[in-house]
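# Could you work out the structure for the sequence below:
(chains A and B)
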Amino acid sequence: MAEQFPGIKPSNRSFKLGGFPVKVYRALSGATTKRAFGNRATGFQLKLDYDNVSDDTTSQLLAHYNGSSGGFERFTLPNDLFAGMSDTLRGYIQSPTSIKWEYASPPEVQSVYIGRSRVSITLLGELDY
Amino acid sequence: MAELRICQFFKLRTTDGVTHRYQNYFIGQSALLQSEGYTFAPFRAEGAMATLNGDNAQLQVLFPHVDFALVLVESGNGNRLSELELTTAWLNAAGSITNTTTDYYIGLGASFNDTTIELRFRSAIDSVGSNFPGRTLTREMVGPLPLNSELYLR
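Residues are numbered from 1 along each chain as shown, chains lettered A, B, ... in the order given. Alright, predicted model coming up:
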């Protein structure tokens, strides 16, 4: 497992809850039957934006991506990412049962000014048994 | 009933006498079946369970290419002649078992690729064929047997 994600508070964050592993059979009549293949949700998604951050902060974020083998190794998330949330709400997002986080894609860096960048990161929460 | 929750319990006795027990529904947990604990493993079983002719159907069980699945193959001499008890269990919303069916299989072998390990099985009982019982070539019937595959009829 890789090191914990850097404790840098994002400018924006958005979260999508995971889904349960279910397949649906739809008959010609329209009647549906659903089968569940597991008892845990998976496929959580967390998007983080860091606006106008310094080169040092950008480097720190990119170093974590490289340190986790570019999305291969999974990691946990620090409390700082969820500043301003209640503990109950944070529990749903930070560490759902059996979930570890990984990069969905490489971080995107947009230069906005000398020494200032905008970094966008998308993380996936997948089951780690 | 429009919602099904199905768990498969995989109990494999390899040729070295060790029994391996896994289930594929309760993620990261252990589940009990007949007072025996089954740990979680992300496997899936597929293949024909039965045919009208009673042919000896094959079953494939797919595991990810991880350490515990390698142990199943290596300790089972390549999954040859291991004994599989595959139980399909229907669950209620609370995760309790409401009904089960169990099938029995014999190991045929295994194959690997870069991400999965496939264990192959056939049903433990075959249908009676037209050549039953099969005859076996013995020394008493034909005299000294050749050491190679060259047979000459004179």
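
# What are the buried residues along the helix or strand bottoming out on mean pLDDT in chain A?
When the helices and strands of chain A are compared on mean pLDDT, DSSP states H and E, helix A:87-94 comes out lowest with a mean of 88. Neighbour counts over helix A:87-94 (16 or more other CB atoms under 10 Å in any protein chain shown) mark A:90, A:93-94 as buried. C-beta: built from backbone N, CA, C; applies to glycine.

# With stretch A:19-31 instead?
Residues of stretch A:19-31 classed as buried: A:Pro21 (neighbour count, 16+ other CB under 10 Å).

# what does stretch B:105-125 give?
Neighbour-count burial for stretch B:105-125 flags B:105-108, B:110, B:117-123 (criterion: 16+ other CB under 10 Å).

# Now do that stretch: distance to the chain's middle.
Relative to its parent chain, stretch B:105-125 has a centroid offset of 7 Å by CA atoms, centre = their mean, to the nearest Å.

# right, is it up against chain A?
No: judged by CB under 8 Å from any CB of the partner chain, stretch B:105-125 stays clear of chain A, getting no closer than 13.7 Å.

# could you give the mean pLDDT of that stretch?
Across stretch B:105-125, pLDDT averages out at 87.

# Stretch A:27-40 now?
So the average pLDDT for stretch A:27-40 ends up being 91.

# Could you list the residues in contact with it?
In this structure, residues lying in contact with stretch A:27-40 by CB atoms under 8 Å, 6 or more residues apart in numbering or on different chains are A:20-26, A:97-98, A:127, B:2-6, B:24-29, B:95.

# chain center to stretch A:23-37, what's the gap?
Using CA atoms, centre = their mean, the offset of stretch A:23-37 from its chain centre is 30 Å.

# Also stretch B:7-16?
Mean-position distance between stretch B:7-16 and its chain equals 8 Å (CA atoms, centre = their mean).

# do the same with stretch B:87-98
With CA atoms, centre = their mean, you get 22 Å for stretch B:87-98.

# by contact count, what packs against the lengthiest helix in chain A?
Longest helix of chain A, by residue count under DSSP state H: helix A:55-67. On a contact count with 3 or more CB pairs under 8 Å, 6 or more residues apart in numbering or on different chains; DSSP states H and E, helix A:55-67 meets strand A:44-54, strand A:116-127.

# partners of the first one in the sheet?
When you say that, I think you mean strand A:44-54. Applying DSSP bridges, strand A:44-54 is found paired with strand A:12-16 (antiparallel), strand A:116-127 (antiparallel).

# circling back: let's see the least confident helix or strand of chain A as PDB, backbone CA atoms only.
Listed next in PDB are the C-alpha coordinates belonging to helix A:87-94 (Å, rounded to 0.1, in the frame of the first residue of the first chain):
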ATOM      1  CA  ASP A  87     -17.600  13.400  11.400                       C
ATOM      2  CA  THR A  88     -20.600  11.400  10.300                       C
ATOM      3  CA  LEU A  89     -20.500  12.700   6.700                       C
ATOM      4  CA  ARG A  90     -16.700  12.300   6.600                       C
ATOM      5  CA  GLY A  91     -17.200   8.700   7.600                       C
ATOM      6  CA  TYR A  92     -19.200   8.000   4.400                       C
ATOM      7  CA  ILE A  93     -16.500   9.400   2.200                       C
ATOM      8  CA  GLN A  94     -13.100   9.000   3.800                       C
END
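
# Next SSE downstream of that helix?
Note on helix A:87-94: by DSSP states H and E, the next helix or strand toward the C-terminus is strand A:99-103.

# Just the residues contacting that next one, thanks.
For strand A:99-103, contacts defined as CB under 8 Å, 6+ apart pick out A:1, A:5, A:18, A:42, A:44, A:46, A:65, A:68, A:70-77, A:121-128.

# what is the mean pLDDT for that strand?
Regarding strand A:99-103, the rounded mean pLDDT is 93.

# same question, stretch B:47-57
Taken as a whole, stretch B:47-57 carries a mean pLDDT of 69.

# same question, stretch B:61-75
87.

# Would you mind listing which of the contacts of strand A:99-103 are buried?
In these, burial by neighbour count holds for A:5, A:18, A:42, A:44, A:46, A:65, A:68, A:74-75, A:77, A:121-127, counting by 16+ other CB under 10 Å.
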